[in-house]
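Asker: predicted model, plus sequence, below.
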Amino acid sequence: MRLEVEQPILTAENMEKLRHAELFSGGMAAVQAATDGKWGFVNRSGKLVIPCTYVAVSPFTEGIALVTGADGRRQFIDVSGRPAIPGAFVDAGRFCDGRAPVQIEEKWGYIDRQGTLVIPSIYDRAEPFANERAVVERADTYGIIDRSGHAIVEPRLGYIGPFHGDLAILALEAGPDTGFPDRGYIDRNGKIVWLPRILSTLLP
C-alpha cells in the first residue's frame, strides 16, 4: 500500500507553536508541540483537530492512526481523535489491508477494523500487511501469511524483510558473524526468485 502524502499546509499561528510537522497522510499531518514535544494532528486547512497530547504517533492509514499515550500503551484513533478500536495494547502496528498487528501479553496477532482478533496471537513478532501479505517471526525464524492467517511460508527462513510491491528481501540463514550470507528475494506467493549463490557459481 502506498501512503497518500502531501506537503503540510499550516497557518502562521500554528507554526509558531510547533517544533515539527510530518507529511500529510489520509488528509491529516502529525505535528509536534514546541513546548513539551507531544504530538497531535492538523487537517489540510492547518487546523489542529487532534490536540498534541501523545508521546508518539503514526500516520493515518485507512482512516486510523496509531498513537502512544503517556503510559506507553498504544491505541488506535480515528480522524476526529476518538478511539477507533476499544482498549489499548502493549504494542501495535499500523492498519493496512484491513488488518493491524497487535501485541497481546508476550505474543503478536492481528485485529480487524472492529478490534476483533482475526489472526491468533501466536507470533514473536508481526509486521503490518502490504499487498495482502505480512511477515511474521517465530522462534527467530521468519514466514509469510495472508489476510486470513494462512501460512504462505511457514516460519523457517533466517530473515524476511517488508514487502515492496510483490517482492521482499530474504536470507536463508542468519549468520552470527557474517550477517545474512544468503540474501535474495522472495515473492508474495512464497517463491524464492533470486539468490546470490546462483550468481556466485558463474564467477571465476
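Answerer: Done, it's in.
Asker: G115 touches P83, doesn't it?
Answerer: No - using Cβ atoms under 8 Å, G115 makes no contact with P83, being 9.4 Å away. Glycine gets a C-beta too; all of them are placed from N, C-alpha and C.
Asker: common neighbours of those two, please.
Answerer: Here G115 and P83 have no joint contacts, going by Cβ atoms under 8 Å, 6 or more residues apart in numbering.
Asker: ok, the spatially closest residue to I186 that is not a sequence neighbour - contacts?
Answerer: Ranked by Cβ to Cβ, 6 or more residues apart in numbering and with sequence neighbours excluded, the top spatial neighbour of I186 is L170, at 4.5 Å. Contact analysis of L170 by Cβ under 8 Å, 6+ apart lists Y142, L157, G158, Y159, I160, G161, R183, G184, Y185, I186, I192.
Asker: of those residues, buried ones?
Answerer: Buried residues within these, counting neighbours by 16 or more other Cβ atoms under 10 Å: Y142, L157, G158, Y159, I160, G161, R183, G184, Y185, I186.
Asker: as a markdown table, those residues with secondary structure, distance to P120 and pLDDT would be great.
Answerer: Listed next are the buried ones among the contacts of L170 as a markdown table, based on DSSP: H, G, I helix; E, B strand; the rest coil; distance: Cβ to Cβ, whole Å; pLDDT from 0 to 100:
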| residue | secondary structure | distance to P120 | pLDDT |
| --- | --- | --- | --- |
| Y142 | strand | 18 | 96 |
| L157 | strand | 21 | 91 |
| G158 | coil | 24 | 89 |
| Y159 | strand | 23 | 91 |
| I160 | strand | 20 | 93 |
| G161 | coil | 24 | 92 |
| R183 | strand | 31 | 78 |
| G184 | strand | 30 | 86 |
| Y185 | strand | 29 | 91 |
| I186 | strand | 24 | 93 |
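Asker: packing partners of the helix or strand containing G40?
Answerer: Here G40 sits within strand 39-43, counting by DSSP states H and E. Packed against strand 39-43 by the contact rule (3 or more Cβ pairs under 8 Å, 6 or more residues apart in numbering; DSSP states H and E) you find strand 28-33, strand 48-54, strand 56-57.
Asker: run the last query once more with 7 Å
Answerer: strand 28-33, strand 48-54 (3 or more Cβ pairs under 7 Å, 6 or more residues apart in numbering; DSSP states H and E).
Asker: could you export it as CSV, CA atoms only?
Answerer: Extracted C-alpha coordinates of strand 39-43, given in CSV (Å, rounded to 0.1, in the frame of the first residue of the first chain):
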residue,chain,number,x,y,z
TRP,A,39,2.2,15.0,19.2
GLY,A,40,-1.2,15.7,17.6
PHE,A,41,-2.7,16.2,14.1
VAL,A,42,-3.7,19.1,11.8
ASN,A,43,-6.1,18.8,8.9
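Asker: parallel or antiparallel, list what pairs with that strand.
Answerer: With DSSP bridges as the test, strand 39-43 is paired with strand 28-33 (antiparallel), strand 48-54 (antiparallel).
Asker: which other residues reach it?
Answerer: With contacts defined as Cβ atoms under 7 Å, 6 or more residues apart in numbering, strand 39-43 is touched by 10, 14, 27-32, 48-54, 56-57.
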